[in-house]
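J.: The following block contains a protein sequence and its predicted model.
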Amino acid sequence: MTRSMPDTDRLPHALYRAEQVRNLDRTAIEDFDIPGIELMNRAGAVAFRCLRDRWPAARRLTILTGTGNNGGDGYVIARLARAAGLTVRLLQLGDAERLRGDAAVSCMAYRNAGGTVEPCSALPRETDVYVDAIFGRGLERAVEAQWADAVMALNGQRAPILAVDMPSGLHSDTGRVLGVAVKASATVSFIGLKQGLFIGAGPEHRGDLYFSALEIPATVYSREILSLRRVDWDQQRASLAPRSRVAHKGDCGHVLLIGGAPGMSGALRLAGEAALRTGAGLVTLATHPQHAAWLNLTRPELMVAAVECPEALGPLVERADVIAIGPGLGRDDWGRQLWAQVRDLGLPLVVDADALSLLAEMPVYGPDWILTPHPGEAARLLQVGVREIEQDRLEAVRVLQERYGGTAVLKGAGTLINDGSQRPPAVCSDGNPGMATAGSGDVLTGMVAALRGQGMDADAAATAGVCLHAAAGDFAARQGERGLIASDIIAALRPIANGIEGM
Ligand SMILES: NC(=O)C1=CN([C@@H]2O[C@H](COP(=O)(O)OP(=O)(O)OC[C@H]3O[C@@H](n4cnc5c(N)ncnc54)[C@H](O)[C@@H]3O)[C@@H](O)[C@H]2O)[C@H](O)CC1
Ligand SMILES: [K+]
């Protein structure tokens with residue numbers, strides 16, 4: 001998904017809205033005397049080098065330019081490509097007369113170097129790589145008319161597409177597709193990473209992502225509050241403290257997992273093994289008597305307690321450092337009674353799956369729990385449709401946290417974490433669609449509970465758990481996303497958590 005390339009920087013963890021990137025631009029230009037045209041020339045040069053590096057055999061480029069500065073970047077790329085001896089066709093969308101400022105200067109430099117500008121009537125077939133320099137962060141409204149035709153034509157052909165700054169048609173702040181949006185093979189973004197590349201349809205449209213700060217001084221960034229934190233396992237691995245040489249299992253947390261109504265024991269079993277593989281010292285599965293006797297047969301390291309009624313939980317809760325409730329809990333009397341018993345204990349609690357549905361039926365505010373809904377469960381908790389959740393996931397996770405307290409984790413492509421603190425929410429940039437498989441959420445529940453039980457606070461445990469889960473999913477996906485199952489994620493936990501994945 002993200003690769004380091006010559007002239008590009010490691011992906012930053014600070015994400016911004018379009019307005020904030022405009023402020024960064026302005027600060028660089030006005031306070032640090034970097035002319036706008038210099039930034040545009042740097043942007044074009046980085047984009048061109050990315051293109052050469054990723055598609056070294058490409059000789060024929062077709063560059064689509066808009067009428068703003070994104071188009072200006074396109075003119076710089078076109079000029080550099082011609083100077084490097086490539087065959088370039090530049091197709092202008094909208095009236096080239098509308099080009100202003102730096103974009104007009106770049107257009108003039110391209111023409112003065114012998115470049116020609118054509119209207120965008122049809123895409124030339126003989127193209128090795130297309131460059132999308134139609135819209136960047138200045139997209140203001142739905143893409144229509146000739147612009148929409150061009151985007152659909154780009155998406156309808158097979159040659160790779162390099163998107164400049166943003167895939168055209170994708171909203172920089174929400175990641176929403178405004179009408180139509182380019183599905184890029186790769187995107188090279190500048191100065192500030194837009195949050196829309198990581199939420200909504202961003203992961204689906206950005207392709208591989210490259211970033212360049214265009215060498216603006218680091219102090220420029222100190223003046224702008226980021227709007228969203230990007231988190232990944234590379235950053236989070238440091239949060240897992242190394243094992244003490246004299247550790248014993250009692251030091252590594254006792255996780256109590258409650259769930260597994262009749263016929264639904266698999267979810268709890270997956271959560272239990274995931275907790276062990278995330279380093280929990282002890283894991284007890286409190287489950288229905290119907291299958292308690294054999295639930296640990298395939299994993300004897302798990303302890304299992306048959307729980308007929310809520311009172312039977314008493315001694316188990318006494319010994320627990322953290323409770324996770326929900327995997328396969330069901331919504332019948334048995335599950336309801338266990339939920340009612342556990343909900344108000346005040347112990348560190350992870351609430352998932354059916355327990356979230358029971359919480360939605362009778363909302364309560366829990367100051368320190370971790371909620372891990374997928375979009376459907378979030379829709380029930382907020383009494384809205386799933387579509388509304390997916391339309392603005394950032395707002396959904398904010399309302400979840402505001403209404404239910406604790407740390408809210410909204411699972412999905414670009415899992416979001418909001419702990420209600422002053423810090424911006426976090427989005428995990430690891431993970432892949434192969435993880436959308438039965439039991440993947442149960443595995444995450446066991447992992448987050450294990451980290452919470454090892455003494456991490458709710459936000460830290462949720463963030464590290466989400467990132468470790470995603471990194472394990474990416475490791476498992478090396479053998480293919482299709483057919484990836486939750487147990488493959490569990491199997492990847494140990495090498496990833498111990499940093500020996502490459503061995
Ligand atoms: N110093 C800088 O500003 C740098 C900017 N870079 C590049 O510039 C763009 C941002 O440019 P901006 O002119 O603000 O907007 P865009 O070029 O992204 O597009 C706006 C352009 O398109 C018109 N428009 C907007 N929506 C629509 C629509 N739905 N249909 C038709 N036309 C539309 C709008 O009127 C404008 O004319 C940034 O992303 C970078 O690529 C440099 O990279 C760095 C320096
Ligand atoms: K673009």
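T.: Perfect, thanks for sending it. Ligands and ions are numbered 1, 2, ... in the order given.

J.: Helix, strand, or coil at the closest residue in space to residue 205 that isn't next to it in sequence?
T.: What sits nearest to residue 205 in space, not counting adjacent residues and going by C-beta to C-beta, 6 or more residues apart in numbering, is residue 167, at 4.4 Å. (C-beta placed from N, C-alpha, C; glycine too.) Following DSSP: H, G, I helix; E, B strand; the rest coil, residue 167 is assigned to coil.

J.: Tell me how far residue 167 lies from ligand 2.
T.: Relative to ligand 2, residue 167 is positioned 6 Å away (C-beta to the ion, to the nearest Å).

J.: again with residue 146
T.: In terms of C-beta to the ion, residue 146 sits 16 Å off from ligand 2.

J.: next one: residue 276
T.: Taken as C-beta to the ion, the span from residue 276 to ligand 2 is 46 Å.

J.: is it true that residue 175 touches residue 196?
T.: Yes - in this structure, residue 175 is within contact of residue 196 by C-beta atoms under 8 Å, at 4.0 Å.

J.: any residues in contact with both of these two?
T.: Contact criterion C-beta atoms under 8 Å, 6 or more residues apart in numbering; residues shared by residue 175 and residue 196: residue 202.

J.: In stretch 329-345, which residues are buried?
T.: Neighbour-count burial for stretch 329-345 flags 329-330, 334-336, 338-339, 341-343 (criterion: 16 or more other C-beta atoms under 10 Å).

J.: Nearest residue to residue 291 in space, please, no chain neighbours.
T.: Of all residues not flanking residue 291 in the chain, residue 265 sits nearest, at 4.6 Å (C-beta to C-beta, 6+ apart).

J.: Need phi/psi at the nearest residue to residue 400 once chain neighbours are set aside.
T.: Nearest non-adjacent residue to residue 400, counting by C-beta to C-beta, 6+ apart: residue 408, 4.0 Å away. When read as degrees, to the nearest 10, the backbone of residue 408 gives phi -100, psi 130.

J.: In contact with residue 408, which residues?
T.: Residue 408 makes contact with 371, 373, 397, 400-401, 416-419, according to C-beta under 8 Å, 6+ apart.

J.: nearest residue to whichever residue of the stretch 301-450 of the chain sits closest to ligand 1 other than its sequence neighbours?
T.: As assessed by C-beta to the nearest ligand atom, ligand 1 sits closest to residue 391 within the stretch 301-450 of the chain, at 18.7 Å. Leaving aside its chain neighbours, residue 391 sits nearest to residue 176 (7.0 Å; criterion: C-beta to C-beta, 6+ apart).

J.: How confident is the prediction for that neighbour, by pLDDT?
T.: As predicted, residue 176 sits at a pLDDT of 93.

J.: Flag every residue of the stretch 101-250 of the chain that's near ligand 1.
T.: Within the stretch 101-250 of the chain, the residues that sit near ligand 1 (C-beta under 6 Å from any ligand atom) are 135-143, 147, 164-166, 190.

J.: at 5 Å what do you get?
T.: 135-141, 143, 147, 165, 190 (C-beta under 5 Å from any ligand atom).

J.: could I get those residues as TSV with neighbour count, secondary structure and pLDDT?
T.: Putting these into TSV (neighbours: other C-beta atoms under 10 Å; DSSP: H, G, I helix; E, B strand; the rest coil; pLDDT from 0 to 100) gives the following:
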residue	neighbour count	secondary structure	pLDDT
135	30	coil	98
136	28	coil	97
137	26	coil	95
138	16	coil	93
139	25	coil	94
140	9	coil	85
141	7	coil	93
143	23	coil	97
147	22	helix	97
165	25	coil	98
190	29	strand	97
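
J.: hang on, the earlier thing: any idea how far residue 335 is from the residue nearest to residue 291?
T.: 13 Å (C-beta to C-beta, to the nearest Å).
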